[in-house]
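# Here is a sequence together with a model predicted from it:
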Amino acid sequence: MDFLNYDFMQRALLAAVLVGITAPAVGIYLVQRRQALMGDGIGHVAMTGVGLGFLLSWSPVWMATLVSVLGAIAMELIRWYGRMRGDLALAMLFYGGMAGGVMLINLAPNGSNANLTSYLFGSLSTVSESDVTAIILLAAFVVLVTLGLRRQLFAVSQDEEFARVTGLPVRALNLLTAITAAVTVTVAMRVVGLLLVSALMVVPVAAAQQLTRSFAATFAIAVGIGVTVTIGGTVTSYYQDVPPGATIVLLTIGAFIALTALAAPLARRRARALAAAQPSGDPAECAIPASREAAGKVGA
């Protein structure tokens with residue numbers, strides 16, 4: 001536990017815990033909406049915000065948050081009103097964001113591709129006190145939305161038409177989900193990295209679904225997995241001198257594989273228990289006649 005003696009590790013662990021909570025908390029709604037790759041797209045757009053932050057000598061985290069939110073709003077507007085094929089419009093937005101980030105950071109006086117790498121793949125030693133403050137504020141917003149509006153967000157994620165009939169503001173809730181996902185990406189970029197954050201939003205949810213289909217249980221298990229792998233990946237990164245983002249994602253995939261292997265025998269055991277609990281044979285009133293003669297006797 002000697003790593004707790006270092007200020008940068010204390011900051012990194014705090015950021016890791018917040019990322020482990022917020023990423024699956026938003027990811028569960030994206031998975032339900034079949035938008036699992038939305039976080040990846042927002043991560044590309046956020047690169048422009050990071051580059052703009054370096055160019056203007058402003059906080060890259062806050063600038064990335066602003067640009068990511070604008071990008072998320074643009075994605076929803078394209079989905080609603082776009083005349084061009086949606087996938088083409090989003091592709092231009094995603095790759096334009098990546099190209100813009102690379103260009104802007106190279107135009108910045110103190111910018112270089114080395115600066116961008118820590119945001120793309122995460123870095124423990126570069127998490128500053130101002131970054132932690134921003135992450136805490138943004139994470140509080142994400143938790144407030146994902147827990148406070150969980151019933152409404154779940155309803156919209158499951159069936160937009162039904163939610164609209166019940167009187168829910170579907171477009172406003174969809175927009176709020178996209179904005180919350182954008183904020184989550186910027187929360188996670190200092191620990192996991194912009195290019196890998198989508199995995200932490202989706203894979204813990206998929207792993208939790210191997211054990212349960214209940215929304216509440218899936219939410220709790222996914223957040224538990226997220227916190228475990230982010231802490232484990234951060235500590236492993238410190239001792240083994242490996243990239244934290246890649247370590248966290250590999251641990252997350254390992255958790256998914258382990259839970260998938262565990263779920264199969266559990267499902268078979270439940271099926272056998274259910275079969276044993278049912279009475280053998282059909283009830284007399286539901287018995288099916290074995291022949292026409294038997295049917296005739298029954299009819300008589």
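Nice, I can see it. Numbering: from 1, shown residues only.
# can we go C-alpha only for contacts and neighbour counts from here?
OK.
# Regarding the protein, what is its longest helix?
Secondary structure of the chain per DSSP state H: the longest helix is helix 244-277.
# in it, what counts as buried?
For helix 244-277, a neighbour-count test (16 or more other C-alpha atoms under 10 Å) marks 244-253, 255-256, 259-260, 263 as buried.
# Where in the protein is the helix or strand with the lowest mean pLDDT?
helix 292-299 (a mean of 44; mean pLDDT, DSSP states H and E).
# any idea how far V102 is from L88?
21 Å (C-alpha to C-alpha, to the nearest Å).
# Ok, Q152 next?
Q152 is 30 Å from L88, by C-alpha to C-alpha.
# One more: R11?
40 Å.
# Could you do R79 as well?
Per C-alpha to C-alpha, R79 is found 11 Å from L88.
# Which one of the two is surrounded by more residues?
R79 (16 against 10; other C-alpha atoms under 10 Å).
# element containing the more buried one, please.
helix 60-81 (DSSP states H and E).
# Give me the helices and strands touching that helix, please.
Contact analysis of helix 60-81 by 3 or more C-alpha pairs under 8 Å, 6 or more residues apart in numbering; DSSP states H and E lists helix 38-55, helix 86-107, helix 129-148, helix 170-188 as its packing neighbours.
# excluding its backbone neighbours, what's nearest I248?
Computed as C-alpha to C-alpha, 6 or more residues apart in numbering, the closest residue to I248 that is not its neighbour in sequence is G233, at 4.5 Å.
# ok now do V202, which residues does it touch?
P24, G27, I28, L30, V31, A36 (C-alpha atoms under 8 Å, 6 or more residues apart in numbering).
# same question for the strand or helix carrying it, mean pLDDT?
Secondary structure from DSSP H and E places V202 in helix 197-209. The pLDDT scores in helix 197-209 average 91.
# shaky segments in this structure?
Along the chain, the model assigns pLDDT under 70 to residues 82-87, 89, 111-114, 267, 270, 278-300.
# What's the separation between the residue most central in space within it and A25?
Nearest to the mean C-alpha position of the chain, by C-alpha atoms, centre = their mean, lies M201 at 1.6 Å. As defined by C-alpha to C-alpha, M201 lies at a distance of 8 Å from A25.
# Also W80?
25 Å.
# for M189, same thing?
Relative to A25, and taking C-alpha to C-alpha, M189 is found at 16 Å.
# With I231 instead?
Applying C-alpha to C-alpha to I231 and A25 gives a distance of 17 Å.
# what about those two, which has more around it?
A25 (30 against 21).
# re the thing from before, mind checking which of the helices and strands packed on helix 60-81 is nearest I73?
Closest approach to I73 among the helices and strands packed on helix 60-81 is made by helix 170-188 (6.6 Å; C-alpha to C-alpha).
# Buried ones in the closest one, by neighbour count?
170, 173-188.
# what sits up against it?
By C-alpha under 8 Å, 6+ apart, helix 170-188 touches 15-16, 18-19, 22-23, 26-27, 29, 38-39, 42-43, 46, 61, 64-65, 68-69, 72-73, 76, 134-135, 138-139, 141-142, 145, 152-153, 156, 160, 163-164, 194, 197-198.
# and if we set it to 6 Å?
For helix 170-188, contacts defined as C-alpha atoms under 6 Å, 6 or more residues apart in numbering pick out V19, T65, S68, V69, A72, I135, V142, R164.
# can you check stretch 132-143 too?
Counting by C-alpha under 6 Å, 6+ apart, residues outside stretch 132-143 touching it are T180, V187.
# go with 10 Å
11-12, 14-16, 18-19, 21-23, 25-26, 59, 61-62, 65, 128-130, 144-145, 148-149, 177, 179-184, 186-190 (C-alpha atoms under 10 Å, 6 or more residues apart in numbering).
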